[in-house]
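Output the structure for:
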Amino acid sequence: MRSILAKGWFWALDYLYVTYWQVRDVLFRADPAEYLLAEPAKPPILILPGIYETWQFLRPLADRLSEAGHPVHVVEGLGRNSRSVVASAPIVADYLREHDLRNVTLLAHSKGGLIGKYLMLRSDPEGRVTNMVAIATPFSGSVYARLMLVPSLRAFSPRDATTLMLAANREVNSRITSIFGSFDPHIPAGSALPGATNIRLDVAGHFRIVADRRLQDAVALAVKPPADL
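Numbering: from 1, shown residues only. Take a look at the predicted model:
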């Protein structure tokens, strides 16, 4: 068991990390077109960031996967991802159709994993999405959400209707890889998902975990086509 002091330190490091990326997002924006590689290429990756994040927050992973030969797509229409999960999934579905993407792997962080699962369940009748790799996603909600004043954060409550619906429907769980750390200051119950491939890393943090090499290696392995394994 980690001490209260250690947990407080991890909270601080987590917020320092996300603050750094929020500032970097404003000052050093990347062009998403740079991540769309010419054919032949490996299966496409579509990034789904967490709440109040843009796709830029996952640039360390986008860089890694792009260098490995995957075209990496971002849905700029999500903005800073403040809409509800139910409202966000159709935006992603429209992007998939407009670009005629198939055999897609979703790469999601936090709330993005909820959007991805909702998309797989309700908004992808053509089966364009093959699987999803979700990082630090509150599949069962977070008890802290009930303390939040902002509705978009209270939506992560374990009692939220969308959270309950997603937890109750398990038919797509076998196509999801959930990767999470040993201590997440925002999701005390963790991110394990019944029926999914669950990977628990000896890493602390909700945001900072994205920068950890062990997480990046686990993601790179999880998105590899079976023929490459």
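
Okay, strands next: where are they in this protein?
For the chain, strands defined by DSSP state E occupy the ranges 45-48, 72-74, 104-109, 129-135, 176-183, 197-204.

from the chain's centre, how far out does the fourth one sit?
Taking CA atoms, centre = their mean, to the nearest Å, one finds the center of strand 129-135 at 8 Å from the center of the full chain.

Pull out the buried positions in that strand.
Judged by neighbour count using 16 or more other CB atoms under 10 Å, the buried positions of strand 129-135 are 129, 130, 131, 132, 133, 134, 135. Heads up, the C-betas are built off the backbone N, CA and C, glycines and all.

wait, the first one sits on residue 108?
Translated: residue 129. No: counting by CB atoms under 8 Å, no contact exists between residue 129 and residue 108, whose distance comes to 11.0 Å.

Mutual contacts of those two, please.
Listed as contacting both residue 129 and residue 108 by CB atoms under 8 Å, 6 or more residues apart in numbering are residue 116.

would you turn the buried residues of strand 129-135 into CSV with distance to residue 170 and pLDDT?
Putting the buried residues of strand 129-135 into CSV (distance: CB to CB, whole Å; pLDDT from 0 to 100) gives the following:
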residue, distance to residue 170, pLDDT
129, 16, 98
130, 18, 97
131, 15, 97
132, 14, 98
133, 18, 98
134, 14, 98
135, 20, 98
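
what's the most distant pair in the residues you listed?
Farthest-apart pair in the buried residues of strand 129-135 is 130 and 135; separation 17.7 Å (CB to CB).

before we move on, the earlier item: need the strands of the chain in TSV (columns: distance to residue 86).
Conversion of the strands of the chain to TSV gives the following (distance: least, CB to CB, whole Å):
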stretch	distance to residue 86
strand 45-48	14
strand 72-74	21
strand 104-109	16
strand 129-135	17
strand 176-183	19
strand 197-204	25
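
Out of those strands, which gets nearest to residue 149?
Taking CB to CB as the criterion, strand 104-109 is the member of the strands of the chain that comes nearest to residue 149, at 23.2 Å.

what angle do the closest one and strand 129-135 make?
Note on geometry: by axes from the mean of the first three to the mean of the last three CA atoms, to 10 degrees, strand 104-109 and strand 129-135 are set 20 degrees apart in direction.

So which elements touch strand 104-109?
strand 45-48, helix 111-122, strand 129-135 (3 or more CB pairs under 8 Å, 6 or more residues apart in numbering; DSSP states H and E).

would you turn these into CSV with distance to residue 203?
Conversion of the helices and strands packed on strand 104-109 to CSV gives the following (distance: least, CB to CB, whole Å):
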stretch, distance to residue 203
strand 45-48, 20
helix 111-122, 17
strand 129-135, 11
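
ranges for the helices of the protein?
With DSSP state H as the criterion, the chain has helices at 4-27, 59-67, 85-98, 111-122, 151-154, 161-168, 213-222.

Would you mind listing the buried residues in the third one?
I take that to be helix 85-98. Residues of helix 85-98 classed as buried: 85, 86, 88, 89, 91, 92, 93, 95, 96 (neighbour count, 16+ other CB under 10 Å).

do the same with the shortest one
Within helix 151-154, the residues that count as buried by 16+ other CB under 10 Å are residue 153.
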